[in-house]
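Trainee: Predicted structure and sequence below. I'll ask about it afterward.
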Amino acid sequence: MLGKQSLQFTCKPYIISSASIVGSKEAQGPMGKLFDKTGYDDMFGAQNWEDAESSLQKEALEIALSKAKLAKDDLQIIFAGDLLGQSIASSFGLAGYQLPHVGLYGACSTCGLSLTMGGMAVAGAFVQKAGCITSSHFASAEKEFRFPLAYGNQRPKSATWTVTGSGAFILSAQPGEQVCAVMEGATIGKIVDYGIKDSMNMGACMAPAAADTIRQSLEDFGRSPKDYDKIITGDLGTVGQKLLFDLLGEMQIDITKQHMDCGIEIYESEKQHTDAGGSGCGCSAVVLSAYILKKIQEGVWKRVLFVPTGALLSKTSFNEGQTIPGIAHGVILEHYQG
C-alpha cells in the first residue's frame, strides 16, 4: 500500500489492447468514428435488451484479443461486471470463453475496479495476462433502475443517459507489439454517502466520492493536479462536474484545467437531448478505449488519473427509501516510453 488507499505497482502492468462497441446514439456523438464497432438498432441481433448487452461484452473481448493477436486461452483470468442484477450481462456474455471469471460490481465505476483488480493480479505475478470487461445498455438499465421505456416517463435536466456500449482491455506482464498505456498504480475508493436519494441526479450522488478519491490519490502519491495532463472522471455529467469543482475547491484543490468527464464528452447534449450527459459502466470504458488510450499511446498525454464513478443503489434499496452512496476508483495511466 502507498499512503492510506493507494497501490503503486513495482512491476507495472501493460494495457496491450482494448476494444469498444457502442450503440446507435453513441455512434452519432462526437466520438462516433473512434469506436471499433457500432450497432444500428441497439439490439445487436438479440431478442431482448439483456441479451443484447451480453453480446456487447462477448464481441468487445473478441475484438480486443484479435487486436493483440491473442487466442482466448492466452488469458488466465477475466474481471468483468455490469449494472444488471447479479451481473448477468457479464456471466451470460462471457460464459462461452470458459475462462476463470471474477464477477465485479462497482456500478458505473466498474471499469476502474476491473482494471485495478486486473492490475493487481498481473503486477503480483499471479497471472501473465488478464481481461477486464464491462458494459451498460440504455434500455436494460432503464428497466433495471427506473421505468420501462414504454412507460415514457419524463426526465429532469439533472438526469444522465446510460451509454449503450462495452469496453474490453487486455493487461499483460510483458509489453506486446503495441502498448496502449502503462498502469503505474491505483487508488481504491471508499463508499461516500451524502444522503442524496434522487436517482435522476446521479452526478450529485457520485461527485463526493470522486472528490474524495482524487484528493486521496494526490495525497498518497505526493502529487498535485499539475502533475497530470488529465484528471478524467467517468460519468458525473455537467451537474456532477460543478459539484466536484466546488467540493475540491473547499479542500484547496483546483482541477479545472485538467478535468475531463467521459459523460460530458460522449454526447452532444443539446443536439442529442441527453440532459446532463452520459452514464453507465460502458460510458467510461468506451471513452477510455476509443479516446483516452489513443492520446496516451501517441504521447499527447504522458500521465492521466482515470477516475470512473459509481452510484451504489439497487431497485430494492431505492424503493425502500435508502440513500444512494457513491464510490470512485482511481487508476494512474502513463505513456509507454519503449
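Mentor: Everything's here; your move. Nothing here was measured: the structure is a model prediction, and the numbers come from that model. Numbers count the residues shown, from 1 in each chain.

Trainee: Low-confidence regions, the stretch 151-300 of the chain specifically.
Mentor: 151-152 (pLDDT under 70).

Trainee: which residue ranges form the helices in it?
Mentor: Using DSSP state H, counting those that start in this stretch, the helices of the stretch 151-300 of the chain run over residues 202-221, 237-250, 262-265, 269-272, 281-287, 293-297.

Trainee: Out of those helices, which gets nearest to Met43?
Mentor: helix 281-287 (15.7 Å; CB to CB). Any C-beta I mention is one placed from the backbone N, CA and C, and that applies to glycine too.

Trainee: Name the residues that touch that closest one?
Mentor: 20-22, 26, 31, 35, 56, 81-83, 107-112, 134-137, 162-167, 234-235, 262-263, 265-266, 306, 308-309 (CB atoms under 8 Å, 6 or more residues apart in numbering).

Trainee: Using PDB, write out every CA atom in that helix.
Mentor: The C-alpha trace of helix 281-287 is given here as PDB (Å, rounded to 0.1, in the frame of the first residue of the first chain):
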ATOM      1  CA  CYS A 281     -20.400   1.300 -16.800                       C
ATOM      2  CA  GLY A 282     -19.900   1.500 -20.600                       C
ATOM      3  CA  CYS A 283     -19.500   5.200 -20.600                       C
ATOM      4  CA  SER A 284     -16.000   5.400 -19.100                       C
ATOM      5  CA  ALA A 285     -15.000   2.100 -20.600                       C
ATOM      6  CA  VAL A 286     -15.700   3.000 -24.200                       C
ATOM      7  CA  VAL A 287     -14.200   6.500 -23.900                       C
END
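
Trainee: Break down the stretch 101-250 of the chain into its strands, ranges please.
Mentor: 101-104, 129-136, 161-162, 165-172, 181-187, 230-233 (DSSP state E, counting those that start in this stretch).

Trainee: would JSON lines of those with distance to Asn48 be doable?
Mentor: Output for the strands of the stretch 101-250 of the chain, formatted as JSON lines (distance: least, CB to CB, whole Å):
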{"stretch": "strand 101-104", "distance to Asn48": "21"}
{"stretch": "strand 129-136", "distance to Asn48": "15"}
{"stretch": "strand 161-162", "distance to Asn48": "16"}
{"stretch": "strand 165-172", "distance to Asn48": "17"}
{"stretch": "strand 181-187", "distance to Asn48": "35"}
{"stretch": "strand 230-233", "distance to Asn48": "31"}
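
Trainee: I'd like to know which of those lies nearest to Phe318.
Mentor: So among the strands of the stretch 101-250 of the chain, strand 161-162 is nearest, using CB to CB, at 15.3 Å.

Trainee: Looking at the helices of the stretch 151-300 of the chain, which is nearest to Gly189?
Mentor: helix 202-221 (4.4 Å).

Trainee: So which elements touch that closest one?
Mentor: strand 6-8, strand 181-187, helix 237-250, strand 303-307, strand 309-311, strand 326-328, strand 330-334 (3 or more CB pairs under 8 Å, 6 or more residues apart in numbering; DSSP states H and E).

Trainee: picking that back up, and among the helices of the stretch 151-300 of the chain, the most buried is which?
Mentor: helix 281-287 (a mean of 36; mean count of other CB atoms under 10 Å).

Trainee: quick revisit: make a markdown table from the helices and strands packed on helix 202-221 and add distance to Asn201 to it.
Mentor: Compiled in a markdown table, the helices and strands packed on helix 202-221 are given as follows (distance: least, CB to CB, whole Å):
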| stretch | distance to Asn201 |
| --- | --- |
| strand 6-8 | 29 |
| strand 181-187 | 25 |
| helix 237-250 | 6 |
| strand 303-307 | 19 |
| strand 309-311 | 10 |
| strand 326-328 | 12 |
| strand 330-334 | 23 |
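
Trainee: so which of those gets nearest Gly222?
Mentor: That would be strand 6-8 among the helices and strands packed on helix 202-221, by CB to CB, at 10.4 Å.

Trainee: downstream neighbour of that closest one in the secondary structure list?
Mentor: strand 14-22 (DSSP states H and E).

Trainee: For that next one, C-alpha coordinates in CSV please.
Mentor: The C-alpha trace of strand 14-22 is given here as CSV (Å, rounded to 0.1, in the frame of the first residue of the first chain):
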residue,chain,number,x,y,z
TYR,A,14,0.8,-3.0,-19.6
ILE,A,15,-2.5,-2.4,-21.4
ILE,A,16,-1.6,-4.1,-24.7
SER,A,17,-5.0,-3.9,-26.3
SER,A,18,-8.5,-2.6,-26.0
ALA,A,19,-11.8,-2.6,-27.8
SER,A,20,-15.0,-0.6,-27.8
ILE,A,21,-18.5,-1.3,-29.1
VAL,A,22,-21.4,1.2,-28.9
